[in-house]
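*Asks:* how would this look folded up:
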Amino acid sequence: MKLFYKDRAEILYEKSIDLSSSGNTHELMSLRAYLGANNALVSVNPDPEVIDYQRKLINNIINTARISKDIPNNQSPFQDEFKGWISTSKKSTYNEEVILYEGYSFLYIAQFLFLLQENHWINLSTENADWWQKAVSFLEQNIWTKWLNRSEIINKNNDRYFLRGRTHMASHWAGIAMYLKNMTADSLIKKECEKLQQEYDLLLKRNLKPNPAYPSAFYWNTTYDNTDGTDAVETRPAIVQDVSHGNHVVSYIVAAYKMGDKNWLPEDINKLCNTVKLVLYNKESNSFRDNVDGSTDPSRPGWGNFVADGWVKLADYDTAVQAIFKNFEGDGKMLKKYNQELQFKANLNKKQLAGG
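*Replies:* This next block holds a predicted model:
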């Protein structure tokens, strides 16, 4: 944590340890920021200190998992042999296992495991290889297979839980599938992952449309426009994507593009960059609009200013976008207000912070 804030390192470190050790699935949403920030640094430089810190968070999460049917007060309908966690936050899905919360953190856990494979950390020692394999096995069995099997039982449809009815909710699981298919030795899981990612890409491609006012930019709905040929849920009326949750969609597209996915091309990245420059950013107020069509959300005004988990990653591809986010960082108020300093700075300044 010293790589981020010398004056707050201990506070941030202890907070992340508490979140990862809580056994509360609701906390996996908050923990995502720490996991994502660490991955940004590891992607540039496999610093042993950052890797060990990330491993500690992951160990804490895995070690607090319990067999579903043995979790006290578990109100979920599953009660099976898979391991997991329930929410102990009374204001949100109290005493239930929640796929959405798990997806928030396990996307970045899957990405981290993939990074360790790609930078050959797993080849440095038998201990490294053993730890990595155990973590991948947990991901395969108690995250991926668990929710796929449960979806089949509850929905009579393997991918319904993954795809759901919102682009941003499904983005976590499409990302998990993207990384897992490149790590697993299980041919069935690999095929399952390929199927899910193909369906999500199809759904997302159908949603992404030229902005009527700025055809070189995108806009899209968070609800699916057309679910034909997929296991997703189609809901009406259509709802435009908000910028805050849109981070997850942008993060997926950027990651898939980096992975060489042929469904995502330079022109898609350019259109996302243009969305930031032409539609979302308000230069006069140094702020971002709430929805991807440039509109304001009266129910959550100002939440377009949360851009740390996806939109800021576009700075790697466009100098004008980078300048916008540097200006936004310089003001600093919105980073603190929306509790996004850690992840924002890691994604925007990863080369300087990681020493790469």
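*Asks:* Tell me how many other residues surround Thr126.
*Replies:* Taking other Cβ atoms under 10 Å as the neighbour definition, Thr126 ends up with a count of 9. Any C-beta I mention is one placed from the backbone N, CA and C, and that applies to glycine too.
*Asks:* Relative to Gln133, how far out is it?
*Replies:* Here Thr126 is placed at a distance of 10 Å from Gln133 (Cβ to Cβ, to the nearest Å).
*Asks:* Same question for Lys181.
*Replies:* The spacing between Lys181 and Gln133, counted by Cβ to Cβ, is 16 Å.
*Asks:* Give me the more crowded residue out of the two.
*Replies:* Summary of the neighbour comparison: Lys181 and Gln133, criterion other Cβ under 10 Å, with Lys181 having more neighbours (18 against 14).
*Asks:* What values do phi and psi take at that one?
*Replies:* The phi/psi pair for Lys181 (degrees, to the nearest 10) reads phi -60, psi -20.
*Asks:* Next up, the contacts around it.
*Replies:* With contact set as Cβ atoms under 8 Å, 6 or more residues apart in numbering, Lys181 has these partners: Ile189, Lys190, Cys193, Glu194, Gln197.
*Asks:* now do 6 Å
*Replies:* Applying Cβ atoms under 6 Å, 6 or more residues apart in numbering, one finds that Lys181 lies in contact with Lys190, Cys193, Glu194.
*Asks:* quick one: it from Val279, how far?
*Replies:* Computed with Cβ to Cβ, the distance linking Lys181 and Val279 is 33 Å.
*Asks:* thinking again about what came up before, can you select the buried ones from the contacts of Lys181 in PyMOL?
*Replies:* Those of the contacts of Lys181 that meet the burial criterion (16 or more other Cβ atoms under 10 Å) are gathered into one PyMOL selection, given here:
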select buried, resi 190+193
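*Asks:* Rebuild the contacts of Lys181 as CSV, extending it with pLDDT.
*Replies:* Written out in CSV, the entries for the contacts of Lys181 read as follows (pLDDT from 0 to 100):
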residue, pLDDT
Lys190, 98
Cys193, 98
Glu194, 98
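*Asks:* can you list the contacts of Lys181 in a markdown table and add distance to Ser299 and secondary structure?
*Replies:* Rendered in a markdown table, the data for the contacts of Lys181 read as follows (distance: Cβ to Cβ, whole Å; DSSP: H, G, I helix; E, B strand; the rest coil):
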| residue | distance to Ser299 | secondary structure |
| --- | --- | --- |
| Lys190 | 41 | helix |
| Cys193 | 35 | helix |
| Glu194 | 37 | helix |
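*Asks:* of all the contacts of Lys181, which comes closest to Phe112?
*Replies:* The shortest approach to Phe112 among the contacts of Lys181 belongs to Cys193, at 17.0 Å (Cβ to Cβ).
*Asks:* can you pull the contacts of that closest one?
*Replies:* Ala177, Leu180, Lys181.
*Asks:* Find the residue closest to the last one in space, skipping its chain neighbours.
*Replies:* Beyond its immediate neighbours in the sequence, the residue positioned closest to Lys181 (Cβ to Cβ, 6 or more residues apart in numbering) is Cys193, lying 3.7 Å away.
*Asks:* Distance of the one you found relative to Thr184?
*Replies:* 7 Å.
*Asks:* Equivalent analysis for Ser244, please.
*Replies:* The value you get for Ser244 to Thr184, if Cβ to Cβ is used, is 32 Å.
*Asks:* Pick out whichever of the two has more residues nearby.
*Replies:* When Ser244 and Thr184 are compared for neighbours, Ser244 comes out ahead with 25 against 18, by other Cβ under 10 Å.
*Asks:* Surely the more buried one is within a helix?
*Replies:* Yes - secondary structure of Ser244, determined by DSSP: H, G, I helix; E, B strand; the rest coil: located in a helix.
*Asks:* list the contacts for it?
*Replies:* Contact criterion Cβ under 6 Å, 6+ apart gives Trp303, Phe306 as the residues in contact with Ser244.
*Asks:* rerun that using 8 Å as the cut-off
*Replies:* Ser244 touches Asp290, Arg300, Trp303, Gly304, Phe306, counting by Cβ under 8 Å, 6+ apart.
*Asks:* can you check His172 too?
*Replies:* Each residue near His172 by Cβ under 8 Å, 6+ apart is listed here: Leu100, Gly103, Tyr104, Phe106, Leu107, His248.
*Asks:* Turn the residues you listed into a markdown table, including neighbour count.
*Replies:* Written out in a markdown table, the entries for those read as follows (neighbours: other Cβ atoms under 10 Å):
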| residue | neighbour count |
| --- | --- |
| Leu100 | 18 |
| Gly103 | 27 |
| Tyr104 | 24 |
| Phe106 | 28 |
| Leu107 | 27 |
| His248 | 25 |
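*Asks:* Just flag the most distant two among these.
*Replies:* Phe106 and His248 (13.2 Å).
*Asks:* Appreciated, that's everything.
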